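Engineer: task: produce atomic coordinates for the following.
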Amino acid sequence: MYGMSEKTKNCPLISVIVPVYKVENYLRQAVESILQQTYRNLEILLVDDGSPDSCGNICDQYAKTDPRVKVFHKENGGISAARNFALDRARGDWISFVDSDDWIDPEMIEALLTNALQYDARISICGKFFEYANGCPHPENDDDEIVVMKSPVQVARYHYGRHYFSNTIWNVLFRRDFFDSGLRFPAGVAYEDYPIGTEVILHGKKVVCTRKKYYHYRQRKSSTIHTLNLKTAVDLWNMRKQRCRMLEHIGGLEKCFEREYFRVIRNTWRILFVTKNSERKKYAETIQEMSDYARENYELIKEPRYIKTTRMLIWFARYNTLLSYFFAAVFFTVMSMLHLTHEIKPNWIFYE
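Structural biologist: Numbers count the residues shown, from 1 in each chain. As a prediction, the model looks like this:
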């Protein structure tokens, strides 16, 4: 059983929220990485979201051996509901999230808190490793550049221009008052982190970001983010439309918004042919909206910053017909076989 020194007890309490569902093969690694943090004053909330495997029992075992672990068992409601459930019960001065199939380096929480306190920031962000099943080696992790952003304009331009942080929330430490206004994760939609990312841009007030990587993001084909279907594409389209409207007062982001729209259209058109007709009818209005955007803005896709795969898929998207779905699917399949679908992120906007 872990004990805390008097010095640690006087440090801010950090709540670490972990939604748990069908990850029995990965859960122990995730929880162990949190328990082994160099920063000890933690409240670890494990939310068993009605997981049908042994996850619930694994959570209970940890609660018996470490008083910092709190376990909640609830009916399945999705990752947003699980996170919101924990947010309503968290007592920490700071809030952090870890996905139950990922893991974190021992110094992560201490590093995030140190940066937040040193720069008096409301949001503290670090870099992340992408962990693939084939064990691809990591690039060097010696870039410890720290950037402090003090306005929505700075945060937005840094986010879109350099891509050092994204819409993910699990490599982030939030000061408690960021959620005190009632901000919560939207239920029933894919990419549930996206609206929180928008709030970070608009209301983060002061954000500190280090490029040093501490979070290990496991790439699983069965995870929500890697399961592309028409509903997830439509959810992302609607969220990006909402964000673009909310950020349109910030100048210099037009090309970034354009790129976000084109990426969703590209990914939608490559799956439409294999999507059930009932699903296409359900989201017909949004599909037509995407097609209209592709047709009205097609001249922009000819610019050299877009690779051939994207240009061709947008060309097909100008025509909202079954034939265009078919040719888009065939084209993408061939390009995938040739390993020519990767899109390099351009650096359009530079932080000032």
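Engineer: now the strands for this structure?
Structural biologist: 14-20, 42-49, 69-74, 94-97, 103-104, 123-131, 146-149, 172-175, 207-218 (DSSP state E).
Engineer: how about a markdown table for those strands, with mean pLDDT added?
Structural biologist: Formatted as a markdown table, the strands of the chain follow (pLDDT from 0 to 100):
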| stretch | mean pLDDT |
| --- | --- |
| strand 14-20 | 98 |
| strand 42-49 | 98 |
| strand 69-74 | 98 |
| strand 94-97 | 98 |
| strand 103-104 | 98 |
| strand 123-131 | 93 |
| strand 146-149 | 94 |
| strand 172-175 | 97 |
| strand 207-218 | 94 |
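Engineer: how far does the longest helix along the chain sit from its chain's centre?
Structural biologist: Looking across the chain with DSSP state H, the single longest helix is helix 230-247. Offset of helix 230-247 from its chain centre (C-alpha atoms, centre = their mean, to the nearest Å): 14 Å.
Engineer: what is it packed up against?
Structural biologist: helix 194-203, helix 254-269, helix 277-282, helix 284-296 (3 or more C-beta pairs under 8 Å, 6 or more residues apart in numbering; DSSP states H and E). C-betas here are computed from N, CA, C, even on glycine.
Engineer: contacts for that helix next, please.
Structural biologist: The contact list for helix 230-247, computed with C-beta atoms under 8 Å, 6 or more residues apart in numbering, reads 152, 156, 189-191, 194-195, 198, 201-202, 224, 253, 257, 260-261, 264, 267-268, 271-272, 275, 279-280, 283, 286, 289-290.
Engineer: helices along the stretch 51-200 of the chain, start to end?
Structural biologist: Using DSSP state H, counting those that start in this stretch, the helices found in the stretch 51-200 of the chain span residues 55-65, 79-87, 108-118, 152-162, 194-203.
Engineer: dump those to a markdown table, plus mean neighbour count, distance to Glu43 and mean pLDDT.
Structural biologist: Rendered in a markdown table, the data for the helices of the stretch 51-200 of the chain read as follows (neighbours: other C-beta atoms under 10 Å; distance: least, C-beta to C-beta, whole Å; pLDDT from 0 to 100):
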| stretch | mean neighbour count | distance to Glu43 | mean pLDDT |
| --- | --- | --- | --- |
| helix 55-65 | 16 | 12 | 98 |
| helix 79-87 | 21 | 10 | 97 |
| helix 108-118 | 20 | 12 | 97 |
| helix 152-162 | 21 | 28 | 82 |
| helix 194-203 | 20 | 20 | 91 |
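Engineer: switch those helices over to TSV; also include distance to Arg40.
Structural biologist: Below are the helices of the stretch 51-200 of the chain laid out as TSV (distance: least, C-beta to C-beta, whole Å):
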stretch	distance to Arg40
helix 55-65	15
helix 79-87	20
helix 108-118	9
helix 152-162	31
helix 194-203	27
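Engineer: the ones you listed: which one's closest to Cys126?
Structural biologist: For the helices of the stretch 51-200 of the chain, the distance to Cys126 is smallest for helix 108-118, at 5.9 Å, taking C-beta to C-beta.
Engineer: would you map out the domains in the protein?
Structural biologist: Listed domain ranges for the chain are 11-224, 228-337 (source: automatic domain parsing).
Engineer: what about the last one, start to end distance?
Structural biologist: Terminal residues of domain 228-337 lie 18 Å apart, using C-alpha to C-alpha, to the nearest Å.
Engineer: go on, stretch 65-73?
Structural biologist: Termini of stretch 65-73 sit 18 Å apart (C-alpha to C-alpha).
Engineer: now what about it, what contacts it?
Structural biologist: 1-2, 31, 35, 42-48, 50, 56, 59-60, 62-63, 85-86, 89.
Engineer: any idea how far that stretch is from the middle of the chain?
Structural biologist: 26 Å.
Engineer: mind pulling the model confidence for Ile225?
Structural biologist: Note on Ile225: pLDDT of 50.
Engineer: and for the one 4 residues further on?
Structural biologist: Per-residue confidence at Asn229 stands at 91 (pLDDT).
Engineer: I'd guessed it sits against Lys276; true?
Structural biologist: No. Contact criterion C-beta atoms under 8 Å: Asn229 and Lys276 do not qualify, at 9.9 Å.
Engineer: these two: which is more packed in?
Structural biologist: Each of Asn229 and Lys276 has its neighbours counted (other C-beta atoms under 10 Å); Asn229 has more, 15 against 10.
Engineer: contact partners for the spatially closest residue to Trp170 that is not a sequence neighbour?
Structural biologist: Once flanking residues are discounted, Trp170 sits nearest to Phe97: 4.6 Å by C-beta to C-beta, 6 or more residues apart in numbering. Residues in contact with Phe97 (C-beta under 8 Å, 6+ apart) are 16-18, 83, 169-170, 172.
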